[in-house]
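Novice: mind folding the following:
(one chain, ligands or ions: 2)
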Amino acid sequence: MKLQGTMRINQNNHLEIGGCDAAELASKFGTPLYVIDETFFRQNCRAYYRAFTEEYGAEVIYACKTLINLAICTIIAQEGLSLDVVSGGELSTAVKAGFPMQRVYFHGNNKSPAELRLALEHKVGRIIVDNLHELAQLNTLAKEMQVKVAIMLRLSPGVEAHTHEYIKTGQIDSKFGFTIENGMALTGVKKSLQLENIELKGFHCHIGSQIFELNSYVYAAEVMMNFIYEVYRQTGFLADELNLGGGFGIYYYPGDQPRTVKEYANLLLAAVKTKAAEYHLPEPKVMVEPGRSIAGPAGITLYTVGSIKDIPGVRKYVAVDGGMGDNPRPALYQAKYEACVANRVLAESTEKVSIAGKCCESGDMLIWDIELPEIKTGDILAVFSTGAYNYSMSMNYNRLPRPAMVLVQEGQADLIVRREDYDDLMRNDLIPERLLNLKMAK
Ligand SMILES: Cc1ncc(COP(=O)(O)O)c(C=O)c1O
Ligand SMILES: N[C@@H](CCCC[NH3+])C(=O)O
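Specialist: Ligands and ions are numbered 1, 2, ... in the order given. The predicted model follows:
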């Protein structure tokens, strides 16, 4: 078990985060509960800002699919990072939070005309165009609205990142972006340069997520710089901007060994510099889009232990009051997590148990085979590193309300997302008049 950020074990042998006792948080706000360590979240933002922006003038764009709400958006704005949004919903959150629109980058492989219009209305900084269909559609909309829109093209550099099959994106056979290798990317550039209401600024790639192998990034940067040169040679267009995406891996489980953000920055920027020198080109402005490495380690989830079932000689199932509804990652990617008993962190002896969620799915298992102090009904289980892709991928399967989220710092805990209630679950339900007119069976 690795305690990160402000987490520590207090004098009551309880887990403490942001100066707050986790068991007290559970009793005050209920469980399941997402807890975000504000100090740690900000430290992660600052590590990026220092390593990329202060050191190299590179722009750090927080990928808000990781975790977004009005409070988080406010923190990102305060820390001087930009924002990657991928939907009208994420964009509207940024608008409502008063996020500076020129620092917003709009991504996605199938943006709807309504979403594109919204982005144009709010004058977002850049639209990252994914494909030819979108390029034509965006030009038409921009013409209608009499604006010229600054874009980047998302490219598929053909780099295989060493990560889970579902979360790698830069390979040739991918739903994302213009493929460099088969000429599609060059066609996209030529087309962009012809369109009257489009202003091409540069290129983007994102090779995947939870990546530890920094060489994959270096290789992607080199491929992108080769492309910039090739485009310059063939069209005379010189890209000003190069966005190399996100994906920097974090610690979830023994064996995960992330490098430092500083090493990541130094390697990436060195690769760009070397290539620029080789081609006698000016260095483009570099951008990165971290998500998980900012929010992930800064979050924990608290659960209350309910039923415990011991199948002698087989397994002891410990069920908690959440599961795949609030954290679908184990079911989706076989993701592994560490956890502790928040109200009894250290103990002389431990036992091996498996943590089950409460959804009606055999696959709703949060953790298989974890050593924990002997656990009892009513104990509080804390699962670590749940800040990224947990709330943002949560769901209401089995009509389970989504948990609340609190932001903790120096002993203060503030609710930043209210817990859903049963009325929230039925908010959009309608009963047609003709059903109301029929009698219910006795
Ligand atoms: C385009 C894009 N940028 C950035 C990210 C952020 O990735 P991560 O959270 O792994 O840093 C993603 C998600 O993988 C993405 O799709
Ligand atoms: N949702 C994934 C990461 C994919 C990121 C989106 N491009 C995860 O939880 O690991």
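
Novice: in which helix or strand would I find residue 351?
Specialist: In this assignment (DSSP states H and E), residue 351 forms part of strand 350-356.

Novice: does the closest residue to ligand 2 within the stretch 251-400 of the chain belong to a helix, a strand or coil?
Specialist: Closest residue of the stretch 251-400 of the chain to ligand 2, Cβ to the nearest ligand atom: residue 389 (3.1 Å). C-beta coordinates here come from the backbone N, C-alpha and C atoms, glycine included. State at residue 389, reduced to three classes by DSSP: H, G, I helix; E, B strand; the rest coil: coil.

Novice: next helix or strand past the helix or strand residue 137 falls within?
Specialist: Assigned by DSSP H and E, residue 137 belongs to helix 132-144. Next along the chain after helix 132-144, taking DSSP H and E as the criterion, comes strand 149-156.

Novice: what angle do that next one and helix 132-144 make?
Specialist: 180 degrees (axes from the mean of the first three to the mean of the last three Cα atoms, to 10 degrees).

Novice: next structured bit after strand 149-156?
Specialist: Per DSSP H and E, strand 149-156 leads on to strand 178-179 as the next helix or strand towards the C-terminus.

Novice: could I have the helix holding residue 137 exported to PDB, CA atoms only?
Specialist: What follows is helix 132-144, C-alpha atoms only, in PDB (Å, rounded to 0.1, in the frame of the first residue of the first chain):
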ATOM      1  CA  LEU A 132     -12.300  14.800 -43.500                       C
ATOM      2  CA  HIS A 133     -16.000  14.700 -42.800                       C
ATOM      3  CA  GLU A 134     -15.600  17.000 -39.800                       C
ATOM      4  CA  LEU A 135     -13.300  19.300 -41.700                       C
ATOM      5  CA  ALA A 136     -15.900  20.000 -44.400                       C
ATOM      6  CA  GLN A 137     -18.700  20.300 -41.900                       C
ATOM      7  CA  LEU A 138     -16.700  22.700 -39.700                       C
ATOM      8  CA  ASN A 139     -15.800  24.900 -42.700                       C
ATOM      9  CA  THR A 140     -19.500  25.100 -43.700                       C
ATOM     10  CA  LEU A 141     -20.600  26.000 -40.200                       C
ATOM     11  CA  ALA A 142     -17.800  28.600 -39.800                       C
ATOM     12  CA  LYS A 143     -18.800  30.100 -43.200                       C
ATOM     13  CA  GLU A 144     -22.400  30.300 -42.000                       C
END
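
Novice: helices or strands next to it in the packing?
Specialist: Judged by 3 or more Cβ pairs under 8 Å, 6 or more residues apart in numbering; DSSP states H and E, the packing partners of helix 132-144 are helix 113-121, strand 126-129, strand 149-156, helix 184-194, strand 198-204.

Novice: about what we covered before: what residues sit buried inside whichever helix or strand comes after the strand holding residue 351?
Specialist: Sequence order places strand 365-373 as the next helix or strand after strand 350-356, per DSSP H and E. Across strand 365-373, burial judged by 16 or more other Cβ atoms under 10 Å covers 365, 366, 367, 370, 372, 373.

Novice: which one among these gets closest to residue 218?
Specialist: residue 367 (34.3 Å; Cβ to Cβ).

Novice: state the pLDDT value of the closest one.
Specialist: Looking at residue 367, its pLDDT reads 98.

Novice: pretty sure it contacts residue 354?
Specialist: Yes. With contact defined as Cβ atoms under 8 Å, residue 367 counts as touching residue 354 (6.6 Å).

Novice: any shared contact partners between these two?
Specialist: Common neighbours of residue 367 and residue 354, using Cβ atoms under 8 Å, 6 or more residues apart in numbering, do not exist here.

Novice: which bits of this protein sit near ligand 2?
Specialist: Residues of the chain lying close to ligand 2 (Cβ under 6 Å from any ligand atom) are 65, 167, 209, 210, 329, 333, 389.

Novice: just give the number of residues close to the fifth one.
Specialist: Burial of residue 329 is recorded as 19 neighbouring residues (other Cβ atoms under 10 Å).

Novice: ramachandran angles for it?
Specialist: phi -60, psi -40 (degrees, to the nearest 10).

Novice: was I right about it contacting residue 390?
Specialist: Yes. Counting by Cβ under 8 Å, residue 390 is a contact partner of residue 329 at 7.0 Å.

Novice: can you give me the buried ones in the strand holding residue 351?
Specialist: The neighbour-count check on strand 350-356 (16+ other Cβ under 10 Å) flags 353, 355, 356 as buried.

Novice: residue contacts, the last one?
Specialist: It refers to residue 356. 317, 318, 319, 320, 323, 364, 365, 366.

Novice: give me the nearest residue to it, chain neighbours excluded.
Specialist: residue 319 (4.5 Å; Cβ to Cβ, 6 or more residues apart in numbering).

Novice: assumed the one you found was part of a strand.
Specialist: Yes. Residue 319 sits within a strand when classified using three-state DSSP.

Novice: okay, now it: neighbour count?
Specialist: 22.

Novice: quick check: residue 63 vs residue 90, distance?
Specialist: 10 Å (Cβ to Cβ, to the nearest Å).

Novice: what do you get for residue 359?
Specialist: Taking Cβ to Cβ, one finds residue 359 at 26 Å from residue 90.

Novice: between those two, point out the one with more neighbours.
Specialist: residue 90 (23 against 18).

Novice: now do the SS call for the more buried one.
Specialist: Assignment for residue 90 (three-state DSSP): helix.

Novice: residues touching it, list them.
Specialist: So residue 90 contacts 64, 65, 68 (Cβ under 8 Å, 6+ apart).

Novice: how about residue 10?
Specialist: Applying Cβ under 8 Å, 6+ apart, the residues contacting residue 10 are 16, 21.

Novice: for it, what are phi and psi?
Specialist: Main-chain torsions, residue 10, degrees, to the nearest 10: phi -90, psi -180.

Novice: for the one 4 residues further on, same thing?
Specialist: Residue 14 adopts backbone torsions of phi -100, psi 160, taken as degrees, to the nearest 10.

Novice: what does residue 13 give?
Specialist: phi 60, psi 30.

Novice: pretty sure it contacts residue 345?
Specialist: Yes. Residue 13 lies in contact with residue 345 (Cβ under 8 Å); the separation is 5.5 Å.

Novice: scan this structure for its longest strand.
Specialist: Scanning the chain for the longest strand, with DSSP state E as the assignment, gives strand 299-311.
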